[in-house]
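S.K.: Structure, please.
(chains A and B)
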Amino acid sequence: MSTTEATIQLLSPEGTIVRNAANEPYLPLIDQLSDQQLQDFHRHMVVIRRFDIEAGNLQRQGQLALWIPSLGQEGAQVGSAFGARDHDHIFPAYREHAVARIRGVDPMRIIEMLRGISHGGWDPAERGNFHLYTLVIGSQTLHATGYAMGLGLEGRIGTGDPNSDTAVMVYFGDGASSQGDVSEAMVFAASYQTPQVFFLQNNHWAISVPVERQSRTPLYLRGTGFGIPSFQIDGNDVLASYAVTRHSMDAARAGEGPRFIEALTYRMGAHTTSDDPTKYRENDELTYWSERDPVARYEAYLRARGADEAFFADVATEAEDLAADTRKRTLEIVDPPASKIFDHVYSDDHPLMREQKAWLERYEASFGGEA
Amino acid sequence: MSTENLALAKAINLGLQKALADDDRVLLMGEDIGPLGGVFRVTEGLHAEFGGSRVLDTPLAESGIVGTAIGLAMRGFRPVCEIQFDGFIFPGFDQITSQLAKLTSRHEGAMRFPVVIRVPYGGHIGAVEHHQESPEAYFAHTAGLRVLSPATPQDGYSMIQQAIKSDDPVMFFEPKSRYWQKGEVDRDAEPVPMHASRVVRTGTEVTVVGHGAMVSTLLQAAAIAADEGTSIEVIDLRSLSPIDYDPIVESVRKTGRLVVAQEAPGNVSVGSEIAATIAERAFYSLEAPVLRVSGFDAPFPPAKLESAYLPDADRVLEAVDRALAY
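M.R.: This is a model prediction of the structure:
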């Protein structure tokens, strides 16, 4: 549908490696992966898909205010997540559940956010440098660029020291590509030659609006226009996502400036549990993308490489265990105290916070514990 | 202890220089702040002294300036952004109010956002549209921001340093019509607390409160009134969020009358909030309603009409007379 001659695909929809001249820079990165690493890609895609379904069910059962499904985008997310190093920084949009889990964020933190007891609240430094979800579309691209400017000012690029050189990756979508902040982020990134990768998941829909409304040109050409080397990949090919991200992050870390990756993927479900995709899109589109499912394709590849049933059974068990654990822990969540409203608005004393917190405590106490 | 007679712009410049020298995590960023020294020359000489990686001329994009400052703060820097003119802050409004202001709370305290946003603001300079506005109420209304406005060179010098040392985001509104007004600055003086309001002229019959450029106008009004036999107490707010009410309440207990003056439009303004709060806290001391003297609730007019739009000493005294007539 929207692939172009420029689209990088390492794994065909049938699950075979595509060996051609265009893929030459990337194939060695795949060949270097151990069986264990290759299997981890599959494990993470399957486990997060099961978690995502469970979270959607919990929303339907009234346990969550909202859920943001990631079904269909596992290849783009898992591949790119493994393309970064542990000390790199990741700025997500709000659908990157697989990336969050790979970087060390307990998926319950996302559940808690969508149940309505936090706005995120984790410390990125303790969670694999995975920053908080950002709900104003595209705002995080500037934060990522500023962070990367800081790395440049500190000289943490291009030294050749793998423990010091650091890069930033920022996720956003086809809808965000229309936001002014995303353009400004690319202006600043190109101007200051920041060590960062713009990772655009083009899932083809911004809620109910198709990508054709956002852009008449392939989105990766936007990056090129800002002077940023840009690539378009088959986002449902976890190997292409991994290799092109890895290649681009390495370049950024080496001081070669920013990179832009457009991953062509598809949001198989709704934007969130609050919309009904049958109202705005056709079934044949769903069929087209079902045949290009990232998990099925990769499973075929692993089976052809000789992965055995025990491996797939083990992955299925882990997925079911996470789903069950998520359900159990969701039902155990306790609402935070109302005083949380006032905590951390400022880093130190503020008279309005102090006065209003005290007032609310007195007010609640006035009901004698029966409020 | 020695004092220097300095203009406000120079005092802020020296405060920025001190902050840059004291802490190598402090950065200045904005449009034309490098070799030019800013359109008001507040950063003059700092690019030459500290270099382009401490004093950054940025692309021309306000949201980009604030948004990247947020990322720099996440990396441990203390960015000081210059927004060139008051009316140009709105392209950055989302990054200030939806991101910067909320990020400490979104992180539940795990990250701090010590970003200062300097905004030359206000009228009296005869400039074109978008160059004379007073948008401070938008930011005073936003939880998570601290909002300051110095009125004197001494405060310009010390408050910019306090703002930079704060671990919270600070909106720093500089009264551009007073940039060239001189005053005594003692660089060794113990600074007044950042959020304290202050009585700058004592009086007994009416209290007048204002901030930024308006403080000079209030002092001028008080001098005229004194000649006419009326004693006015003048309070410089200095901080618009939080507002330090205690000196105002104390003053109103003495005078029984309060006039709040500002260049900004009066509808849903900082002055409105002070009027409401003083009505709550000092109701039995008031001999007259709290009166507001403001810019009109219309867009800032073309420059030849600004003297009709902006409150001057006569408009302040008109309100003082009404308060006394109750």
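
S.K.: residue contacts, the residue most central in space within chain A?
M.R.: Closest to where the C-alpha atoms of chain A average out (CA atoms, centre = their mean) is A:E96, at 2.6 Å. By CB atoms under 8 Å, 6 or more residues apart in numbering or on different chains, the contact list for A:E96 reads A:S70, A:Q77, A:A81, A:I90, A:Y133, A:Y171. Bear in mind the C-beta positions are built from the backbone N, C-alpha and C, glycine included.

S.K.: what do you get for B:V26?
M.R.: So B:V26 contacts B:A19, B:L20, B:R54, B:F77, B:R78, B:P79, B:V80, B:I164 (CB under 8 Å, 6+ apart).

S.K.: Now for the nearest residue to the first one once chain neighbours are set aside, how many residues are close by?
M.R.: Here the nearest residue to B:A19 in space, its sequence neighbours aside, is B:I164; by CB to CB, 6 or more residues apart in numbering or on different chains that works out to 4.6 Å. Other residues within reach of B:I164 by the criterion other CB atoms under 10 Å in any protein chain shown amount to 25.

S.K.: my read: B:I164 touches B:V80, true?
M.R.: Yes. Counting by CB atoms under 8 Å, B:I164 touches B:V80, with 6.1 Å between them.

S.K.: Pull up the overlap in contacts between these two.
M.R.: The contact sets of B:I164 and B:V80 overlap at B:A19, B:V26, B:V116 (CB under 8 Å, 6+ apart).

S.K.: which one among those residues gets closest to chain A?
M.R.: Chain A lies nearest to B:V26 out of these, by CB to the nearest CB, at 11.9 Å.

S.K.: how close does the closest one get to A:E74?
M.R.: Note on B:V26: its distance to A:E74, by CB to CB, to the nearest Å, is 43 Å.

S.K.: try B:D86
M.R.: Counting by CB to CB, the gap from B:D86 to A:E74 is 48 Å.

S.K.: and A:D250, which of the three is it?
M.R.: helix (DSSP: H, G, I helix; E, B strand; the rest coil).

S.K.: any idea how far A:Q179 is from B:R112?
M.R.: In terms of CB to CB, B:R112 sits 26 Å off from A:Q179.

S.K.: Report the spatially closest residue to B:Q220, excluding sequence-adjacent ones.
M.R.: Distances taken as CB to CB, 6+ apart place B:A313 nearest to B:Q220, at 4.5 Å, with adjacent residues excluded.

S.K.: In this structure A:L153 contacts B:S53, no?
M.R.: Yes. Taking contacts as CB under 8 Å, A:L153 lies within contact range of B:S53: 5.4 Å.

S.K.: What degree of burial does the residue of the stretch 151-300 of chain B found nearest chain A show, as a neighbour count?
M.R.: In the stretch 151-300 of chain B, the residue that lies nearest chain A is B:D167 (4.1 Å; CB to the nearest CB). Residues contacting B:D167 under the criterion other CB under 10 Å number 14.

S.K.: One more: B:I125?
M.R.: Neighbour tally, B:I125, other CB under 10 Å: 15.

S.K.: host element of it?
M.R.: Using DSSP states H and E, B:I125 sits within no helix or strand.

S.K.: Pull the contacting residues for it.
M.R.: B:H131, B:Q132, B:K176, B:S177.

S.K.: which one is the first one nearest to, not counting chain neighbours?
M.R.: Put plainly, it is B:H131. In this structure, B:H131 finds its nearest non-sequential neighbour in B:F85, 4.7 Å apart by CB to CB, 6+ apart.

S.K.: With the last one instead?
M.R.: In space, B:S177 comes closest to B:H124 once its chain neighbours are excluded; the distance is 3.7 Å by CB to CB, 6+ apart.

S.K.: From the structure, what's the count of residues near the one you found?
M.R.: Other residues near B:H124 number 18, with proximity taken as other CB under 10 Å.

S.K.: likewise B:G109?
M.R.: 14.

S.K.: Phi, psi for the closest residue to it other than its chain neighbours please.
M.R.: Excluding the flanking residues, the one nearest B:G109 by CB to CB, 6+ apart is A:H344, at 4.0 Å. Note on A:H344: its backbone torsions stand at phi 70, psi 10 [degrees, to the nearest 10].

S.K.: where exactly do the helices run in chain A?
M.R.: Using DSSP state H, the helices of chain A run over A:27-31, A:35-60, A:74-82, A:97-103, A:107-115, A:139-153, A:180-192, A:211-214, A:220-225, A:238-253, A:283-290, A:294-305, A:309-331, A:351-365.

S.K.: To chain B, which of these lies closest?
M.R.: Closest to chain B of those, according to CB to the nearest CB: helix A:139-153, at 2.2 Å.

S.K.: Show me what that closest one is packed up against.
M.R.: Under the contact criterion of 3 or more CB pairs under 8 Å, 6 or more residues apart in numbering or on different chains; DSSP states H and E, helix A:139-153 touches strand A:89-91, strand A:168-173, helix A:180-192, strand A:196-202, helix B:62-74.

S.K.: before we move on, what SS does B:V147 have?
M.R.: strand.

S.K.: That one against B:S239, yeah?
M.R.: Yes. Taking CB under 8 Å as the definition, B:V147 is a contact partner of B:S239 at 7.0 Å.

S.K.: Now do the residue nearest to A:L302 when sequence neighbours are not counted, the pLDDT please.
M.R.: Nearest residue to A:L302 in three dimensions, chain neighbours excluded: A:H42, at 5.8 Å (CB to CB, 6+ apart). Here the pLDDT value assigned to A:H42 is 98.

S.K.: Can you get me a residue count around A:H42?
M.R.: A:H42, neighbours per other CB under 10 Å, totals 22.
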